[in-house]
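Colleague: sequence and predicted structure are below.
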Amino acid sequence: MTAPHPAPYPEPFLAPDPNAAAHSRIADFARWAARHGAEGIQDPTDYEALHRWSVTDLEGFWAAVWEYFAIDATTGYERVLAQDTMPGARWFPGATLNYAHHALRNLHPDAPAITALDETGASYEITGRQLRARVASVAATLRDLGVGMGDRVVGYLPNTPHAVIAFLATVSLGAVWSVCGQDYAPKAAADRFAQLEPTVLITADGYLFNGTTHDRRASSLELARALPTLKATVLADHLGLAWPEGGHSALTVPWGDAATRTEDLTIAPVPFDHPLWVVFSSGTTGLPKGIVHGHGGVLLEHLKILGLHCDLGVGDRLMWYTTTHWMMWNLVVSTLLTGAATCTYDGSPAPIGRPDILWELAARHKVTVFGTSPQYLLAMAKLGIEPTAHDLSAIRVIGCTGSTLPASAYPWVRDHVGAGVQLASTSGGTDVVSGFAGSAPTTPVWAGELSVPNLGVALAAYDDAGRPVLDQVGELVVTRPMPSMPLYFWNDPDGSRYRDAYFASYPGVWRHGDWITLTSHGSVIVHGRSDATLNRNGVRLGSADIHDIVERLPEITEALVIGAEEPDGGYWMPLFVVPAPGVTLDDALRDRIREAIRTGASPRHVPDEILAVPAIPHTKTGKKLEVPVKRLLQGAPAGQVLNPAALDNPELIGFFARLGAERSKRSTHHT
């Protein structure tokens, strides 16, 4: 059975400011939509009414997004939604357009379009005019190197303007982009890129992280040799390191030559569903799967989430800590669609000696939307960082995603960042390169909860029988199509892998794999991955609920709870914790942890054992590896469970594999 999960907070943590809500872009959109025939919208700040219209009248809503943001199509569309089925929905057939055109059209020629930042505090700006000129130059270079419509260009790049420029240049030609960060080993990058048979590789000499310069010249050339379809490699000198001569048999082009030509920018119109980029799954248990999204779907979805939910427009500036292989990089680039400026950042979010560097940079550059992860906010609190040592008066939104944001983080942001700052916890996925739930200037904030399902997202929680439930945990599903759902998976000609990934459980309904509660006051609570659900005596428990409680304790840096079925029919639920520096996990601390869980959740949530570990394993985008660790603890061979190249700390595989092997031996001996 499924355990009910009543909403723990009877009142919102933060109510929307009435004046800000009334003057927000989402309220302006609601007024515009009401004037143009949208039904049920009486008050432009009534988010519930706006959302109801957005999911009951998909064609009317997405047509309104198209018109409100003045999509500049070369040819118009025949209708909004030609096929309302999943998978296989067909959006805006007949329309031709290009994402790159929309990313460049609203930028002021002399105002910053990109602010490049790094962990040393250094920065430089690229204006709208300069960005357009560099995109035109790189596009001409790519064209000369043989890149044409549908060809693939790949980037092995840190989060710098090189990646943004290369992406826009690629897609302006109708070619397809893919990128990953340079902390991936060459083989891990090749596991992704070789599937695409790319024509050109664009790579950098290295990146910064935590006070160290990482030289990636040899790795870049090793990657190039692993991609036999390359016609050329473009070499960027981000760190100013000299590239070796003759390192790769194919043609090499210096970035300085590629990006400094004087060229006119010609942008190719493409069909609405023409491939824009390929983003990859984490690849923790096998070869990463390539997820393909289209120009038009991403354009509309990102205008909606950035322009309406994040309230971004001309004069704003967004800084969101990310790497190029996380879907948040794709969203950060799309800031340009709204006419706002975006920031790139190369380095650690909290480098040694300057742990508050992101706050310092946000203050210096008057950032209005600051994006980060729950782990970062919790770490700032535990380190005793005072963000308000810097002038953060420009910040109006703190965006947070990547995992569940615990309720304890909300008072810290209020007290240490700003009382009126909206803490916008969001949840989505690489799969749709967007969000399913989040917040808006017109919505209240509930501590530990996501304010609302996003516009255009028909979100539901399904019980075991596939019925929608309220105030009760269930599977996160989307019952109607979104424009940014994947076009297809790469190398999946019959679509079977795509269907199996999302539609095997509920035909015609997208199952995402998260476990959520939709509350009666309209919010969304995310409990963790449904395939990592804890199940004690038939009662399902959310791992995120336990992590939240334990990670509030000052003695604990991070936690991971696992529920593993054992061969003898038993159920083992260990809690792994990383003690804070100088802290030892003794019996007294174990008792404190158990009591905190018992009081903050329930006696059922108390683990069987509490074990200290050197670190918690994550994907390179920071997601805890609950299911793979569970399989290791059940004795599965490490080689069948995890791809070391996809992990932030591959050495941890051996630790959990040994623990699983020891338990298997004890279980066999006992039997």
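Modeller: It's in.

Colleague: flag the shaky bits of the stretch 201-350 of the chain, pLDDT-wise.
Modeller: Within the stretch 201-350 of the chain, the segments meeting pLDDT under 70 span 246-249, 282-286.

Colleague: all helices of it, in order?
Modeller: 217-225, 255-258, 295-302, 327-333 (DSSP state H, counting those that start in this stretch).

Colleague: secondary structure class for residue 358?
Modeller: Under DSSP: H, G, I helix; E, B strand; the rest coil, residue 358 falls in the helix class.

Colleague: what sits against the closest residue to it other than its chain neighbours?
Modeller: Excluding its sequence neighbours, the residue lying closest to residue 358 (C-beta to C-beta, 6 or more residues apart in numbering) is residue 349, at 5.9 Å. Using the backbone N, CA and C atoms, a C-beta is placed for each residue, glycine as well. Residues in contact with residue 349 (C-beta atoms under 8 Å, 6 or more residues apart in numbering) are 321, 358, 372, 376.

Colleague: let me have those residues in a markdown table, extended by neighbour count and distance to residue 454.
Modeller: Shown next, in a markdown table, are these (neighbours: other C-beta atoms under 10 Å; distance: C-beta to C-beta, whole Å):
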| residue | neighbour count | distance to residue 454 |
| --- | --- | --- |
| 321 | 21 | 22 |
| 358 | 29 | 26 |
| 372 | 22 | 19 |
| 376 | 18 | 23 |
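
Colleague: can I get those in CSV including distance to residue 578?
Modeller: Listed next are these as CSV, based on distance: C-beta to C-beta, whole Å:
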residue, distance to residue 578
321, 21
358, 22
372, 20
376, 16
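
Colleague: narrow these to those in strands?
Modeller: Filtering the contacts of residue 349 for membership in strands, criterion DSSP state E, returns residue 372.

Colleague: what is the burial count for residue 632?
Modeller: 28 (other C-beta atoms under 10 Å).

Colleague: can you confirm it is in a helix?
Modeller: Yes: the assignment for residue 632 by three-state DSSP puts it in a helix.

Colleague: how about the secondary structure of the closest residue to residue 264 other than its chain neighbours?
Modeller: Leaving aside its sequence neighbours, residue 264 sits nearest to residue 136 (C-beta to C-beta, 6+ apart; 6.3 Å). The local conformation at residue 136, judged by three-state DSSP, is helix.

Colleague: from residue 96, how far out is the residue nearest to residue 358?
Modeller: Taking C-beta to C-beta, to the nearest Å as the criterion, residue 349 is separated from residue 96 by 40 Å.

Colleague: and what of residue 471?
Modeller: From residue 471 to residue 96 the distance is 46 Å (C-beta to C-beta).

Colleague: wait, a strand at residue 30?
Modeller: No: looking at residue 30 with three-state DSSP, it is helix, so not inside a strand.

Colleague: tell me the pLDDT of it.
Modeller: pLDDT, the model's per-residue confidence, is 98 for residue 30.

Colleague: who's in contact with the nearest residue to it once chain neighbours are set aside?
Modeller: Excluding its sequence neighbours, the residue lying closest to residue 30 (C-beta to C-beta, 6+ apart) is residue 44, at 3.8 Å. For residue 44, the contact set (C-beta under 8 Å, 6+ apart) comprises 22, 27, 28, 30, 31, 34, 50, 442.

Colleague: quick one: low-confidence parts of the stretch 351-500 of the chain?
Modeller: For the stretch 351-500 of the chain, no range has pLDDT under 70.

Colleague: what about the helices in it?
Modeller: So, for the stretch 351-500 of the chain - with DSSP H, counting those that start in this stretch - the helices run 357-364, 374-383, 409-416, 496-502.

Colleague: what's the most buried one of those helices?
Modeller: A comparison of the helices of the stretch 351-500 of the chain by mean neighbour count, using mean count of other C-beta atoms under 10 Å, puts helix 357-364 on top with a mean of 21.

Colleague: list only buried entries from the contacts of residue 44.
Modeller: Buried by 16 or more other C-beta atoms under 10 Å: 22, 27, 30, 34, 50, 442, out of those.

Colleague: state the distance from the second one to residue 60.
Modeller: The gap separating residue 27 from residue 60 is 18 Å, by C-beta to C-beta.

Colleague: returning to that earlier point: ok, which of the helices of the stretch 351-500 of the chain comes nearest residue 275?
Modeller: Nearest of the helices of the stretch 351-500 of the chain to residue 275, taken as C-beta to C-beta: helix 496-502 at 14.1 Å.

Colleague: list the contacts for the residue lying closest to residue 484 once chain neighbours are set aside?
Modeller: Counting by C-beta to C-beta, 6+ apart, residue 301 is the residue found nearest to residue 484 once chain neighbours are left out, at 3.8 Å. Counting by C-beta under 8 Å, 6+ apart, residue 301 makes contact with 432, 433, 434, 456, 482, 483, 484.

Colleague: from residue 66, how far out is residue 301?
Modeller: 12 Å.

Colleague: who's in contact with residue 230?
Modeller: Contacts of residue 230 (C-beta under 8 Å, 6+ apart): 198, 199, 200, 201, 224, 250.

Colleague: look up which residues are beta-bridged to the closest residue to the fourth one other than its chain neighbours.
Modeller: Think residue 201. Of all residues not flanking residue 201 in the chain, residue 233 sits nearest, at 4.7 Å (C-beta to C-beta, 6+ apart). Taking DSSP bridges as the rule, residue 233 bridges to residue 201, residue 252.

Colleague: how close does the residue nearest to residue 264 get to residue 501?
Modeller: Residue 136 is 38 Å from residue 501, by C-beta to C-beta.

Colleague: got it, and residue 185?
Modeller: Residue 185 is 26 Å from residue 501, by C-beta to C-beta.

Colleague: next: residue 39.
Modeller: 35 Å.

Colleague: check residue 95 too.
Modeller: 27 Å.

Colleague: roughly how far does residue 305 sit from residue 637?
Modeller: On the measure of C-beta to C-beta, residue 305 and residue 637 end up 41 Å apart.

Colleague: how many neighbours does the residue nearest to residue 264 have?
Modeller: 23.

Colleague: so residue 647 touches residue 625, yeah?
Modeller: Yes: here residue 647 reaches residue 625: they are 7.3 Å apart, a contact under C-beta atoms under 8 Å.

Colleague: neighbour count for these two, which is higher?
Modeller: residue 625 (26 against 21).

Colleague: so what's the more buried one closest to, chain neighbours aside?
Modeller: Closest to residue 625 by C-beta to C-beta, 6+ apart is residue 617, at 4.7 Å.

Colleague: which residues sit in contact with the one you found?
Modeller: 624, 625, 628, 629, 647, 648, 649, 652, 653, 656.

Colleague: can you tell me the helix or strand for the fourth one?
Modeller: With elements delineated by DSSP states H and E, residue 629 resides in helix 626-633, which encompasses its position.

Colleague: for that helix, list the C-alpha coordinates in CSV.
Modeller: Included here for helix 626-633 are C-alpha records, laid out as CSV according to Å, rounded to 0.1, in the frame of the first residue of the first chain:
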residue,chain,number,x,y,z
GLU,A,626,20.6,5.1,-5.0
VAL,A,627,19.6,2.2,-7.4
PRO,A,628,23.2,1.2,-8.4
VAL,A,629,24.3,1.2,-4.8
LYS,A,630,21.3,-0.9,-3.9
ARG,A,631,22.3,-3.5,-6.5
LEU,A,632,25.9,-3.5,-5.3
LEU,A,633,24.7,-4.2,-1.8
